[in-house]
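Enquirer: I'll drop the sequence and a predicted model, then ask my questions.
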Amino acid sequence: MGKKLKIWIECARLRTLPVSVAGVVMACGLAVWHGVFSWVPAVLCFLFAVMAQIVSNFANEYYDFKRGTDKKGRVGPRRGVTEGDIKPVTLKWVTYATLALACVVGCCLIPYGGWWLVAVGVFIAVFALAYSTGPYPLSYHGLGDVAVLLFFGIIPVNLTYYVQSGILYQADVLLASVAIGLMGVNVLIVNNYRDMDDDKEAGKNTSVVILGRKAASAIYSIDGYVAMALLCHVFAGLHYATWVVPAIYLVVHTSVWHKLVTRTGAALNPLLGMTAVNMLLFSVLMMLCFIVA
């Protein structure tokens, strides 16, 4: 049982889950700062975000296997289906079962945001799968970065704030959502940077395959600094001591970037988790700043 559980945990790719959580945490922090925080919709958004991320990860593993993109003995983390640890049909049904459960959680948000959230939920569900499959899989056509910016930054931050406040547009929330999205894009860049050779051979045209590693690493660096620049107006409204938070983020960000351009192969694996954790740490520290403000 322990071994099977470990295989499924690997399939869920826990290292990437901070990407989905960070946006909700940032939105909740802003809601606290603006005096509109509400526990129930916040928790529901947290659960939905985590399940949507897991669905996307399951689908990515299943459909990459079906396309022959993942191979045994790959440089990146072990893939259960590719290695024969999980039956493809089992992963397929678990993926759709998890998606259905995420939809149930999403429907619980209707009393807080209205029936139009059903359309938003369908949109999110479709794109959770469209990232890896369908007639035009986004991750195979250099659009994965755009999807991450939208679905792990702009949408979760703004919608999490909306279901608590009833306010759909708030300038500082929108800018914060773009900042979080850029941090999330960096997690994807690390993943695709590591897998560039395998992806290129398999015909998976990620942004790294299209632009090359040198350009991708430069974008990684720029994303972090642009994200902090977008939040300058937020820090301006807080105590000057809070500027230590972006300083911490940028120190870690720059350190990871240096490792990114100096490592190869399996040595790049830890950088995925480091980038995701840095993103979540920043969001948590920001939430604490908002609470004490």
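Expert: In hand now; what should we look at? Please read all numbers here as calculations on a predicted model, not as lab measurements. Residues are numbered from 1 along each chain as shown.
Enquirer: counting contacts, what elements does the helix of greatest length in the chain pack onto?
Expert: The longest helix of the chain (DSSP state H) is helix 39-67. Secondary-structure packing of helix 39-67 (3 or more C-beta pairs under 8 Å, 6 or more residues apart in numbering; DSSP states H and E): helix 2-12, helix 17-33, helix 88-107, helix 110-113, helix 116-130, helix 155-165. (Each C-beta comes from the backbone N, C-alpha and C, glycine too.)
Enquirer: quick one: closest of these to residue 256.
Expert: For residue 256, the closest of the helices and strands packed on helix 39-67 is helix 17-33, at 13.7 Å, according to C-beta to C-beta.
Enquirer: residue 112 contacts residue 161, doesn't it?
Expert: No: look at residue 112 against residue 161 with C-beta atoms under 8 Å: they stay out of range, at 11.5 Å.
Enquirer: the two: which is more packed in?
Expert: Taking other C-beta atoms under 10 Å, residue 112 and residue 161 do not tie; residue 161 has more neighbours (33 against 18).
Enquirer: in contact with the more buried one, which residues?
Expert: 27, 30-31, 36, 167, 170, 173 (C-beta atoms under 8 Å, 6 or more residues apart in numbering).
Enquirer: ok, residue 51 next?
Expert: Counting by C-beta under 8 Å, 6+ apart, residue 51 has contacts 98-99, 101-102, 105.
Enquirer: please apply the same query to residue 186.
Expert: Contacts of residue 186 (C-beta under 8 Å, 6+ apart): 220, 223-224, 253, 275, 279.
Enquirer: can I get the residues you listed in TSV including pLDDT, neighbour count and distance to residue 232?
Expert: Shown next, in TSV, are the contacts of residue 186 (pLDDT from 0 to 100; neighbours: other C-beta atoms under 10 Å; distance: C-beta to C-beta, whole Å):
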residue	pLDDT	neighbour count	distance to residue 232
220	98	25	21
223	98	22	16
224	98	25	14
253	98	25	16
275	96	29	22
279	97	30	18
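Enquirer: can you put those in TSV and add distance to residue 92 and secondary structure?
Expert: Output for the contacts of residue 186, formatted as TSV (distance: C-beta to C-beta, whole Å; DSSP: H, G, I helix; E, B strand; the rest coil):
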residue	distance to residue 92	secondary structure
220	33	helix
223	33	helix
224	36	helix
253	37	helix
275	29	helix
279	30	helix
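Enquirer: which two from the residues you listed end up farthest apart in space?
Expert: 220 and 279 (12.4 Å).
Enquirer: so residue 193 is in contact with residue 214, correct?
Expert: No: applying C-beta under 8 Å, one finds residue 193 not in contact with residue 214, separated by 10.3 Å.
Enquirer: these two: who's more crowded?
Expert: Per other C-beta under 10 Å, whichever of residue 193 and residue 214 has more neighbours is residue 193, with 23 against 9.
Enquirer: so what's the residue count around residue 33?
Expert: The number of residues near residue 33, taken as other C-beta under 10 Å, comes to 19.
Enquirer: now residue 105: how far from residue 121?
Expert: Distance, residue 105 to residue 121, using C-beta to C-beta, to the nearest Å: 9 Å.
Enquirer: mind telling me what element residue 180 is part of?
Expert: helix 171-194 (DSSP states H and E).
Enquirer: what are the buried residues along that helix?
Expert: Buried residues in helix 171-194, counted by 16 or more other C-beta atoms under 10 Å: 172-194.
Enquirer: if any of the contacts of residue 161 are buried, give me the PyMOL selection for them.
Expert: A single PyMOL command selects the buried members of those (16+ other C-beta under 10 Å):
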select buried, resi 27+30+31+170+173
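Enquirer: for the closest residue to residue 58 other than its chain neighbours, what are its contacts?
Expert: Nearest residue to residue 58, sequence neighbours excluded (C-beta to C-beta, 6 or more residues apart in numbering): residue 95, at 4.0 Å. Residue 95 makes contact with 55, 58-59, 62, according to C-beta under 8 Å, 6+ apart.
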